[in-house]
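**Student:** make a model of this:
(one chain, ligands or ions: 2)
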Amino acid sequence: MTDNLHVIVLAAGKGTRMYSEQPKVLHRLAGRRLLDYVLDSAKALSPEPVTIVVGHGAGRIQDAYKGTPGLQFVVQEPQLGTGHALLQTEPLLRSATGTALLLYGDVPLLSTPTLKRLVRQHQSEGAAATVLTAQVERPYGYGRIVRTGGRIARIVEERDAAPAERGIKEVNAGIYAFDLAPLFDAIKSIASRNAQGEYYLPDLIGIYRRRKLAVSTLTVENPREIRGINSRSELAEVGAIVRQMKNEELMAAGVTLIDPATTYVQQDVVVGRDTVIHPNVYLEGRTVIGEACEIHAGSRLVDATVGSRVTIRNYCIVTESAIADEAVIGPFAHLRPGSDVKTAAHVGNFVELKKTTLGARSKASHLTYLGDATIGEDVNIGAGTITCNYDGKTKKPTVIEDGAFVGSDSALVAPVTIGKGAYVAAGSTIVNDVPSESLGIARGRQENKEGWVKRRQNK
Ligand code: UD1
Ligand code: CA
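**Tutor:** Residues are numbered from 1 along each chain as shown. Ligands and ions are numbered 1, 2, ... in the order given. From the prediction side, this is the model:
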């Protein structure tokens, strides 16, 4: 079926209704660009390169996809409408035969099975064009499918529709399969006599019907799939649909979401069964979470790898870091990139880690900064411990070996090593290595002046 299938994506429009500096198709929906969605479903269908028509913000779109295989770009300049956009691909496809599948870059939810069904029906009926349509409750903004005697006669845009036509609830999805043979010649007869003065691709349908070319339609079962995005408010609405779909998938796989409406899980995130996710949690990027974890309200994990039976208490931020089984994090902890918290370790409140390994069963429970540090097993890091890892020019490492005990409010000036089983006395500023099994103490000695208060009062 994918023989001679050429996928074309239109992405040149200004996106006027977004009021944005950024091209519309680069706006993010649940973390991914609009165009990512369209390209994913396109690539599942076609081994041929996907042709993308760009125009407004062309450079930014091409930069965003630099190095992505299987794409070729055509520039539409100026942007005179969707019909004019498709015409720009003629030099690339002039000698091609077979089927062109046309997708709009701002219609992200179309599923691969729907597109396959469209192409299959188009090819088996031998149609010149097949239009994907949907029955929707609120047709506002979409082109309406005008039928005569049950067959599609033409498509009329919202702005050009007569009042009676506006009442039609069958709309144009903006997705079509075309036989390439008559396509480009016919596009040239599209006129721009309409409310926007643009060359509308949907006008091709009326032209085909007048020329007695076979035009077919396929109506999607789930109208959600054809949602187009023209404004920020539609971006939010469709974003909510995407999140809901992901959340349903997670719950079906055995994940508890206390409140799906406020759970924000991006597409590629994986969560193991019996994990409980509380409200207002954000799981982003390539985050993977094991089984039977509990992620409390307000936490955000980006590209995090979390084992099983891990507890992440309220309001933690974890980025590009790993957390092993049974570890406990937070509340209010910050794991910056390169942190590696081993099995059953504890990172407590107001603790920040950066490029730091915290060994198995080790604890940093309160008010601590650990940066560029390698910390062994069964280590206790006292409240307020700081690794002074930065001398203003470079970052220096700190090593704390197994079983060491760092007293509260210590400053460890890197590069420095605290040996195995060593102690650091509270309030020390450690600038030299502390040998294993030793006590490092670096602070002013305490002097008590007995009777001082009485003497002062008597003065
Ligand atoms: C379009 C259809 C409408 C359909 C709806 C489905 C037209 C005239 N109307 O309306 O029938 O119901 O989509 O979502 O096609 N583009 C270009 N070059 C241009 C103009 C647009 O590449 O010169 C691209 C845009 O980047 C966008 C797509 O074509 O990805 C659709 O353009 P848009 O202006 O959003 O069309 P709609 O008004 O939504
Ligand atoms: Ca649109």
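
**Student:** now for residue 167: which residues touch it?
**Tutor:** Contacts for residue 167 (C-beta atoms under 8 Å, 6 or more residues apart in numbering) come out as none. (Each C-beta comes from the backbone N, C-alpha and C, glycine too.)

**Student:** how much space between it and ligand 2?
**Tutor:** Counting by C-beta to the ion, to the nearest Å, the gap from residue 167 to ligand 2 is 21 Å.

**Student:** please begin residue numbering at 880 from this point
**Tutor:** Sure, I'll start numbering at 880, so the last one becomes residue 1046.

**Student:** need phi/psi at that residue.
**Tutor:** phi -80, psi -10 (degrees, to the nearest 10).

**Student:** which parts of the stretch 1080-1229 of the chain are helices?
**Tutor:** Assigned by DSSP state H, counting those that start in this stretch, the helices in the stretch 1080-1229 of the chain fall at 1082-1089, 1111-1131.

**Student:** how about stretch 986-1002: buried residues?
**Tutor:** Residues of stretch 986-1002 classed as buried under the neighbour-count rule (16 or more other C-beta atoms under 10 Å) are 986-989, 993-995, 997-998, 1000-1002.

**Student:** before we move on, back to that, pick the most deeply packed of the helices of the stretch 1080-1229 of the chain.
**Tutor:** Counting by mean count of other C-beta atoms under 10 Å, helix 1082-1089 has the highest mean neighbour count of these, with a mean of 21.

**Student:** whatever residue of the stretch 1130-1279 of the chain ends up closest to ligand 2: neighbour count?
**Tutor:** Distances between the stretch 1130-1279 of the chain and ligand 2 by C-beta to the ion are smallest at residue 1146, namely 21.8 Å. Counted by other C-beta atoms under 10 Å, the residues lying close to residue 1146 total 18.

**Student:** so what does the closest residue to residue 1189 other than its chain neighbours have for phi and psi?
**Tutor:** Of all residues not flanking residue 1189 in the chain, residue 1172 sits nearest, at 4.5 Å (C-beta to C-beta, 6 or more residues apart in numbering). Taking degrees, to the nearest 10, you get phi -90, psi 160 for the backbone angles of residue 1172.

**Student:** what's the spacing between the residue of the stretch 1130-1279 of the chain closest to ligand 2 and residue 1165?
**Tutor:** Look at residue 1146 and residue 1165: by C-beta to C-beta, to the nearest Å, they are 10 Å apart.

**Student:** just to revisit the earlier point, can I get the buried residues of stretch 986-1002 in TSV including secondary structure and pLDDT?
**Tutor:** As requested, these are arranged in TSV below (DSSP: H, G, I helix; E, B strand; the rest coil; pLDDT from 0 to 100):
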residue	secondary structure	pLDDT
986	coil	97
987	coil	97
988	coil	96
989	coil	95
993	helix	97
994	helix	96
995	helix	96
997	helix	98
998	helix	97
1000	helix	98
1001	helix	98
1002	helix	97
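
**Student:** filter those by proximity to ligand 1?
**Tutor:** Counting by C-beta under 6 Å from any ligand atom, residue 986 from the buried residues of stretch 986-1002 sit close to ligand 1.

**Student:** and the buried residues of stretch 986-1002, which is closest to residue 962?
**Tutor:** Distances from residue 962 to those, taken as C-beta to C-beta, are shortest for residue 986 (16.9 Å).

**Student:** quick one: contacts for the closest one?
**Tutor:** With contact set as C-beta under 8 Å, 6+ apart, residue 986 has these partners: 917, 1052-1054, 1105-1108.
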